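> Sequence plus the predicted model coming up.
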Amino acid sequence: MPTDTHAKRFFMALMCPRQPVVLPEALPMTSTGDANPDNTDRDEDSRPSSSTIERFFRGVSEFIFHTKLGVVDVQLVDYVSDLMLRFVRADSLYSLRQNDGMRTKHLLQMVSQAERRIGLAKREVYRHVGDFTLFWSGMYPESLQGAKNHDDVRDRFLDYCRQGKRAYAIAAQIEGGVDRPPCEVIHRMSEHFEMCAYGLREIRRHWEEDCDGPGGLLTW
């Protein structure tokens, strides 16, 4: 069963990445309720308190997407940087449970739970599936190394991409309200999933190279 170790490894990789991150097989899911229909910890209080980390994520995201990749979609780039910022914390990465309170163990179970939701809850769980698959297939594709051989790794990577694109596409069909990302942004996340994943890999490569430079990663 996954633990906070994965989020800790992500933060350690941010500071000075050296060890590969292993993909968690489970993402907990919370049951839905009227007071909090999506039952995710997406509020401002769940985000890292360090403005330095936030500035770093936004700065490196804008540099890679705008300068290196020529992507001028500000809302899409902001979404990606916000995704990384949220997933620094384990209570955001592991924010979802099944209706019975038990944690899911596989991506298929996550998708199954999303299919059972309705309304805003359905939107947010599918969006989380999209975020989860984008993060691991983009930032740490080597985490798919649990597969038996090279072909299995490739198939698993492609499955994560397919599931992520599909999850975002479904979420984009449900209105989320003024305090959540617009449907058109979520739809663009689906359309440009592979490009966003590539951008995340470039972000990781950039901070790994910067970590080798004088002064460390978070000092510029």
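Looks like it came in fine.
> Any stretches of this protein with poor pLDDT?
1-50, 90-91, 93-94, 105, 144-155, 211-220 (pLDDT under 70).
> And the helices in it?
Applying DSSP state H to the chain gives helices spanning 5-15, 51-62, 74-87, 90-93, 107-116, 119-139, 150-171, 183-191, 193-211.
> Of all those, which one is nearest K68?
helix 193-211 (6.2 Å; Cβ to Cβ). Quick note: C-beta positions are derived from backbone N, CA and C, even for glycine.
> Just the CA atoms of that closest one, as CSV, please.
Backbone C-alpha positions of helix 193-211 (Å, rounded to 0.1, in the frame of the first residue of the first chain) are rendered in CSV as follows:
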residue,chain,number,x,y,z
PHE,A,193,-1.7,15.5,-22.7
GLU,A,194,1.4,14.1,-24.4
MET,A,195,2.8,17.6,-24.9
CYS,A,196,2.2,18.4,-21.2
ALA,A,197,3.9,15.1,-20.2
TYR,A,198,6.9,16.0,-22.4
GLY,A,199,7.0,19.4,-20.7
LEU,A,200,7.1,17.8,-17.3
ARG,A,201,10.0,15.7,-18.3
GLU,A,202,11.8,18.8,-19.6
ILE,A,203,11.1,20.5,-16.3
ARG,A,204,12.6,17.7,-14.4
ARG,A,205,15.6,17.6,-16.7
HIS,A,206,16.1,21.3,-16.2
TRP,A,207,16.0,21.3,-12.4
GLU,A,208,18.3,18.2,-12.3
GLU,A,209,20.8,20.1,-14.4
ASP,A,210,20.4,23.2,-12.3
CYS,A,211,20.9,21.2,-9.2
